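# sequence and predicted model, in that order:
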Amino acid sequence: MNTFLRAGTLLAPRTVSFPSGNGSVVGHLYLPPTYDPATRYPAVVVGGSLSSVKEMMGGNYAEALAGHGILGLAIDYRNYGESSGHLRQYEDPASKSVDLSSALKFLSSRSDVSGVGLVGVCTSGGNILYTAASDSHVGAIATVAGFFSDPAVAPTLFGGEEEVERRKTKGREAEEVYQRSGELKLVPTYSSTDKEAASISSAPYYMDENRGGGVRAWRNTFAVMSWEKWLGFDPVSKAPSVTAPALIIHSEKAAFPDQARKIGELLKGPKEIVWESGMHFDFYDDPETVRKTAGLLANHFHKSLG
């Protein structure tokens with residue numbers, strides 16, 4: 001259970017499961033405190049950062065949105081958390097896009113839903129652009145401190161093109177090992193000391209046992225065979241195909257603010273960019289930052305989804 005739930009104010013989430021691709025996705029569905037099954041509500045799927053699970057920032061926003069009269073569904077992508085998948089901790093933007101579409105289909109099938117949308121926090125800010133670019137069921141989208149990569153970003157993260165190519169080679173080698181023996185090679189997702197980590201940074205949110213690091217379902221591991229797909233993550237290329245109403249919430253102190261500006265310029269539908277003042281990880285779990293951000297999200301989805 002995440003830290004935002006308060007007894008007597010919101011209903012405890014319902015654990016749900018639905019088919020996706022060659023497996024299934026597990027999520028936590030948060031309902032409004034005055035939920036009435038005869039009423040129709042806007043409903044949104046919430047995805048979180050790289051390697052995160054539904055009990056982290058995705059759950060925080062799904063719960064907070066429920067407090068604003070919106071059905072919030074925080075999901076574990078396949079290969080993470082409680083969802084299915086043999087390739088644990090395997091990062092694949094295409095697979096995540098399928099999962100988001102499956103979650104939209106699940107919500108749309110409910111009689112209490114008036115319209116469906118997507119919220120992406122950090123990496124999922126980019127993931128939802130993949131889905132919104134190709135799935136006509138997306139009624140509206142919003143990103144929170146989104147990570148919007150493109151071919152120019154990866155070399156800045158890892159010290160140049162040569163290092164990017166080395167990691168891609170490592171990924172192909174790891175895939176050969178897996179195909180040959182079934183061994184899944186893993187490295188840390190976040191580390192300030194391990195130079196093979198997927199994100200070489202202090203990452204205080206993940207290192208703090210009182211924050212993300214204390215979420216029991218989370219694993220600080222990254223499948224090495226993911227490298228080629230992770231380094232090819234390019235939501236910027238998807239933005240020109242997105243026509244759904246969009247809200248971008250970012251900060252100059254969050255990751256790559258210029259990339260957020262680029263997304264804002266490329267999106268083809270109605271769009272708004274809101275600049276806040278928080279640090280990147282504040283958008284994950286700082287109570288005031290989450291509550292303020294959730295209010296902006298709720299206004300956007302009530303307007304767009306009915």
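Ah, there it is.
# helices and strands around the strand or helix carrying Ile248, which ones?
Secondary structure assignment for Ile248, by DSSP states H and E: strand 246-251. Where contact means 3 or more C-beta pairs under 8 Å, 6 or more residues apart in numbering; DSSP states H and E, strand 246-251 is packed against strand 141-144, helix 257-266, strand 271-276, helix 287-305. C-beta: built from backbone N, CA, C; applies to glycine.
# so how far is the first one from its chain's centroid?
Going back to what we said before, that points to strand 141-144. 10 Å (C-alpha atoms, centre = their mean, to the nearest Å).
# ok, back up a step: got the angle for the strand holding Ile248 vs helix 287-305?
Here the directions of strand 246-251 and helix 287-305 differ by 170 degrees (axes from the mean of the first three to the mean of the last three C-alpha atoms, to 10 degrees).
# residues contacting strand 246-251, please?
With contacts defined as C-beta atoms under 8 Å, 6 or more residues apart in numbering, strand 246-251 is touched by 132, 140-146, 257, 260, 263-264, 267, 269-280, 283, 293, 296-297, 300.
# list buried residues within the residues you listed.
Buried residues within these, counting neighbours by 16 or more other C-beta atoms under 10 Å: 132, 140-146, 257, 260, 263-264, 267, 271, 273-274, 276, 278, 280, 283, 293, 296-297, 300.
# circling back to that earlier point, could you dump the helices and strands packed on strand 246-251 to TSV with mean pLDDT and distance to Val16?
As requested, those are exported to TSV (pLDDT from 0 to 100; distance: least, C-beta to C-beta, whole Å):
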stretch	mean pLDDT	distance to Val16
strand 141-144	99	21
helix 257-266	98	30
strand 271-276	98	30
helix 287-305	98	19
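# output these in CSV; the columns should cover distance to Gly120.
Below are those laid out as CSV (distance: least, C-beta to C-beta, whole Å):
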stretch, distance to Gly120
strand 141-144, 5
helix 257-266, 11
strand 271-276, 15
helix 287-305, 11
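# tell me which of the ones you listed sits nearest to Ser95.
strand 141-144 (18.9 Å; C-beta to C-beta).
# what's the following helix or strand after that closest one?
Trace forward from strand 141-144 with DSSP H and E and the next one is helix 153-158.
# which secondary structure elements does that next one contact?
Counting by 3+ C-beta pairs under 8 Å, 6+ apart, helix 153-158 packs on helix 161-181, strand 199-200.
# give me the buried positions along that helix.
Within helix 153-158, the residues that count as buried by 16+ other C-beta under 10 Å are 153-154, 158.
# could you dump the strand holding Ile248 to PDB, C-alpha only?
What follows is strand 246-251, C-alpha atoms only, in PDB (Å, rounded to 0.1, in the frame of the first residue of the first chain):
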ATOM      1  CA  ALA A 246      -2.200  16.700 -23.900                       C
ATOM      2  CA  LEU A 247      -0.900  18.200 -20.700                       C
ATOM      3  CA  ILE A 248       2.800  18.300 -20.000                       C
ATOM      4  CA  ILE A 249       3.800  19.100 -16.400                       C
ATOM      5  CA  HIS A 250       7.600  19.600 -16.000                       C
ATOM      6  CA  SER A 251      10.200  21.700 -14.100                       C
END
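# what angle do it and strand 271-276 make?
Computed by the same axes, to 10 degrees, the angle between strand 246-251 and strand 271-276 is 20 degrees.
# isn't Tyr61 up against Ala294?
Yes: with contact defined as C-beta atoms under 8 Å, Tyr61 counts as touching Ala294 (6.1 Å).
# next one: Tyr30 from Gly72, what distance?
Distance of Tyr30 to Gly72, given as C-beta to C-beta, to the nearest Å: 4 Å.
# give me the more crowded residue out of these two.
Gly72 (33 against 29; other C-beta atoms under 10 Å).
# three-state assignment of that one?
strand (DSSP: H, G, I helix; E, B strand; the rest coil).
# next, count neighbours for the residue nearest to it when sequence neighbours are not counted.
Distances taken as C-beta to C-beta, 6 or more residues apart in numbering place Ala62 nearest to Gly72, at 3.1 Å, with adjacent residues excluded. The local packing of Ala62 (other C-beta under 10 Å) involves 29 other residues.
# what's near enough to touch Ala62?
Ala62 touches 13, 28-30, 44, 46, 54, 72-74, counting by C-beta under 8 Å, 6+ apart.
# list the buried residues of the helix or strand harbouring it.
In this structure, Ala62 sits in helix 57-66 according to DSSP H and E. Buried positions in helix 57-66, judged by neighbour count with 16+ other C-beta under 10 Å: 57-66.
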